[in-house]
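Undergrad: no sequence for this one, just the structure:
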């Protein structure tokens, strides 16, 4: 017997069905698309959004937060979690994956939100007008790029800008060029002068995910 629409929508959200359909039409690596929605991805992105929510009205605005994603990939599901937890005024996703950015831009069009896709290397990309008013920089892909001090060496963020970073100890993955051996190791590499939050979660296959949030 066919289940009703409400029950089926609980199996897969219509937006994410549309998202995966667009990716397949673009001939995006479908395995990567599925990985972006894996239980571990959902867990670590929700963890980040939950901790940021606690900072509304203190370290972050109550709403309309201006955000940059370093290596934001497809953008989702993190964007949905952020929208629910802190509210997005403007979000810029900087990435080197052109197909991922194209899919990101397409889905943001459906959402009718203030999002922008920027192609380039976070370390060398030229300044955009939004950088000097950014409230929050998020990098959940720290294992794929140099440490934060190197990434922001020539970028002038406001003093109150919050940096939220995640990494892991998955040294065995080929494109992980900058993993950390522990939470404290990651905190040290972040170069943040004021730590608002730090933590570790054990994910599937017993690898560790580290997170640190703070001010430069």
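TA: On my side now, so go ahead. What you see is a predicted model, and the numbers here were worked out from it, not measured in a lab.
Undergrad: would you map the strands across this structure?
TA: 65-70, 88-95, 115-119, 136-139, 162-168, 194-202, 208-215 (DSSP state E).
Undergrad: redo these as TSV? Include distance to residue 81.
TA: Placement of C-beta: from N, CA and C, glycine included. Below are those laid out as TSV (distance: least, CB to CB, whole Å):
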stretch	distance to residue 81
strand 65-70	12
strand 88-95	11
strand 115-119	14
strand 136-139	11
strand 162-168	12
strand 194-202	15
strand 208-215	14
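Undergrad: how about TSV for those strands, with mean pLDDT, distance to residue 153 and mean neighbour count added?
TA: As requested, the strands of the chain are exported to TSV (pLDDT from 0 to 100; distance: least, CB to CB, whole Å; neighbours: other CB atoms under 10 Å):
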stretch	mean pLDDT	distance to residue 153	mean neighbour count
strand 65-70	95	14	24
strand 88-95	93	16	21
strand 115-119	90	18	18
strand 136-139	98	14	24
strand 162-168	98	14	24
strand 194-202	98	19	14
strand 208-215	98	17	22
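Undergrad: quick one, which of those strands is nearest to residue 38?
TA: Across the strands of the chain, residue 38 has its closest neighbour in strand 208-215 (12.5 Å, CB to CB).
Undergrad: got any ranges where this structure has weak pLDDT?
TA: Within the chain, the stretches with pLDDT under 70 are 1-10, 110-113, 127-131.
Undergrad: and if we set it to 80?
TA: 1-12, 109-113, 126-132 (pLDDT under 80).
Undergrad: can you pull out the helices in it?
TA: Here the chain has its helices, by DSSP state H, at 5-11, 14-25, 30-35, 39-53, 78-85, 98-111, 148-151, 183-190.
Undergrad: now for those helices, which one comes closest to residue 123?
TA: helix 148-151 (5.3 Å).
Undergrad: can you tell me what sits against that closest one?
TA: Under the contact criterion CB atoms under 8 Å, 6 or more residues apart in numbering, helix 148-151 has outside partners 70, 122-123, 139, 142, 145, 163, 165, 189-192, 216.
Undergrad: redo those residues as TSV? Include distance to residue 62.
TA: Converted to TSV, those look like this (distance: CB to CB, whole Å):
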residue	distance to residue 62
70	24
122	28
123	32
139	24
142	28
145	31
163	20
165	23
189	31
190	26
191	28
192	23
216	23
